[in-house]
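Asker: Quick one, structure for this:
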Amino acid sequence: MNDTTHLEAKVLVLDQDSEQCRQLSEFCAEAGLLPLLRTAHDALTSLSQHKDLAGVLLAEDMPCDSGDALILAQAIHRQRPELPIILRRTSQRPFSPNEQSAVAYTWSTGDMEQLRTHIGRCIFSLRYPIALVDGIVELTLNALRSMFPNAGVSNESPYVVHDRIIHGEVSTLIPIESTWCRGYMMLQTEESALRQGLIQGFGYAGVGGDLNFRELNNMLGETTNLIWGAFKNRYIPPEAFATQQTQVPIVINHAHKYISFGSPDPQLCIRYQLSDAARPGMSALTIVQRFIFNLHWSPEDFAQFSSKSGSSGSSTGELEFF
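Answerer: Predicted structure coming up:
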């Protein structure tokens with residue numbers, strides 16, 4: 001396989017033991033996890049504050065208001081069932097059926113290799129080629145700078161998420177299909193932040209913040225189209241497509257800002273910040289990009305395609321306009 005990048009992932013850490021917290025912090029730094037250390041009292045509130053998590057590390061003996069950490073595990077599972085809960089066991093008692101359904105994996109105190117195996121199995125179950133991730137960031141930055149020429153555009157480090165919560169009110173969704181992948185790309189942002197960015201002059205001259213919501217939707221749609229055109233030029237061979245043509249329903253619950261693509265696999269997530277150098281105190285416009293390869297994913301085939309396109313010079317990486 002070609003080189004793959006071990007992307008970061010945010011995890012909620014619920015453990016009261018100081019020595020275990022120290023070991024977990026060291027483990028997370030080594031494993032590429034970004035730990036959010038919280039108390040049991042803050043756990044459910046933290047879920048509402050963080051919509052881009054990849055899992056939960058919970059200690060069985062965590063002090064809880066309910067008196068039982070496994071009751072907390074069930075509450076977390078009800079609120080965000082897509083997040084795998086990995087439980088550090090401190091007893092030998094058997095699980096009830098409800099407890100068993102809430103807990104994805106268990107590990108014994110001190111057995112970091114067991115924990116590492118579970119992390120690799122449920123959080124980092126997909127690996128992404130370095131060339132692909134770097135290329136996606138590059139072509140997306142180019143597209144954003146083209147659509148918002150007066151904004152300073154930067155990106156945060158790519159990471160993986162298991163959460164299915166939508167960021168903001170405005171979202172776009174476009175299919176992606178190649179010999180090595182099938183799925184979707186999403187862009188998500190807050191309508192008010194997008195409007196404020198246009199008021200600050202991020203866009204072309206004459207494009208201000210007086211746009212109605214349909215026009216704001218169209219702006220994000222055009223941005224998506226630019227990224228898709230560049231992605232197609234660089235990564236999709238014109239003569240062939242994936243042979244697998246299965247589909248799965250996409251479920252969207254607008255009340256809860258929830259979207260499901262019918263797959264438990266992690267999603268590639270990149271956050272972009274659009275800022276105004278002349279107004280350093282203003283909040284940045286955040287655009288969240290997700291890639292969901294829920295229908296077909298083969299990094300080995302991508303490596304072959306990348307090798308061939310690199311030798312033939314057919315990959316231009318230019319933006320394509322529609």
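Asker: Which parts of the stretch 151-300 of the chain are strands?
Answerer: Remark: strands assigned in the stretch 151-300 of the chain by DSSP state E, counting those that start in this stretch are 152-155, 159-161, 170-177, 181-189, 251-253, 258-260, 267-275, 285-297.
Asker: just so I know, which of those strands lies nearest Glu138?
Answerer: strand 152-155 (9.7 Å; C-beta to C-beta). No exception for glycine: its C-beta is placed from N, CA and C like everyone else's.
Asker: which helices and strands sit right next to that closest one?
Answerer: If you count contacts as 3 or more C-beta pairs under 8 Å, 6 or more residues apart in numbering; DSSP states H and E, strand 152-155 packs onto helix 130-147, strand 267-275.
Asker: hmm, back to that, nearest approach to Gln16 belongs to which of the strands of the stretch 151-300 of the chain?
Answerer: Nearest of the strands of the stretch 151-300 of the chain (C-beta to C-beta): strand 159-161, 26.2 Å.
Asker: which stretches of the chain aren't confidently modelled?
Answerer: Along the chain, segments meeting pLDDT under 70 span 1-6, 205-209, 239-247, 310-322.
Asker: and the residue nearest the centre of it, what does it touch?
Answerer: Centroid check for the chain by C-alpha atoms, centre = their mean gives Cys269 as the closest residue, at 3.1 Å. Counting by C-beta atoms under 8 Å, 6 or more residues apart in numbering, Cys269 touches Asp52, Pro158, Tyr159, Val160, Val161, Val288, Gln289, Arg290.
Asker: got it, and Tyr272?
Answerer: Counted by C-beta under 8 Å, 6+ apart, Tyr272 has contacts Thr140, Leu141, Leu144, Val153, Ser154, Asn155, Glu156, Thr286, Ile287, Val288, Gln289.
Asker: For Tyr258, state which of the residues you listed is nearest.
Answerer: Minimum distance to Tyr258 across those is 14.8 Å, recorded for Val288 (C-beta to C-beta).
Asker: residues contacting the closest one?
Answerer: Asp52, His167, Gly168, Met186, Leu187, Gln188, Thr189, Cys269, Ile270, Arg271, Tyr272.
Asker: could I get whichever strand or helix holds Gly120 in PDB with only the CA atoms?
Answerer: Assessed by DSSP states H and E, Gly120 sits inside helix 112-122. Extracted in PDB, the C-alpha atoms of helix 112-122 (Å, rounded to 0.1, in the frame of the first residue of the first chain):
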ATOM      1  CA  MET A 112      -2.300  -0.400  26.600                       C
ATOM      2  CA  GLU A 113      -1.700  -2.700  23.700                       C
ATOM      3  CA  GLN A 114      -5.300  -4.000  24.100                       C
ATOM      4  CA  LEU A 115      -6.500  -0.400  24.000                       C
ATOM      5  CA  ARG A 116      -4.300   0.400  21.000                       C
ATOM      6  CA  THR A 117      -5.900  -2.600  19.100                       C
ATOM      7  CA  HIS A 118      -9.400  -1.300  19.900                       C
ATOM      8  CA  ILE A 119      -8.500   2.200  18.900                       C
ATOM      9  CA  GLY A 120      -7.200   1.000  15.500                       C
ATOM     10  CA  ARG A 121     -10.300  -1.200  15.000                       C
ATOM     11  CA  CYS A 122     -13.000   1.300  15.700                       C
END
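Asker: Pull the distance from that helix to the chain's centre.
Answerer: Mean-position distance between helix 112-122 and its chain equals 20 Å (C-alpha atoms, centre = their mean, to the nearest Å).
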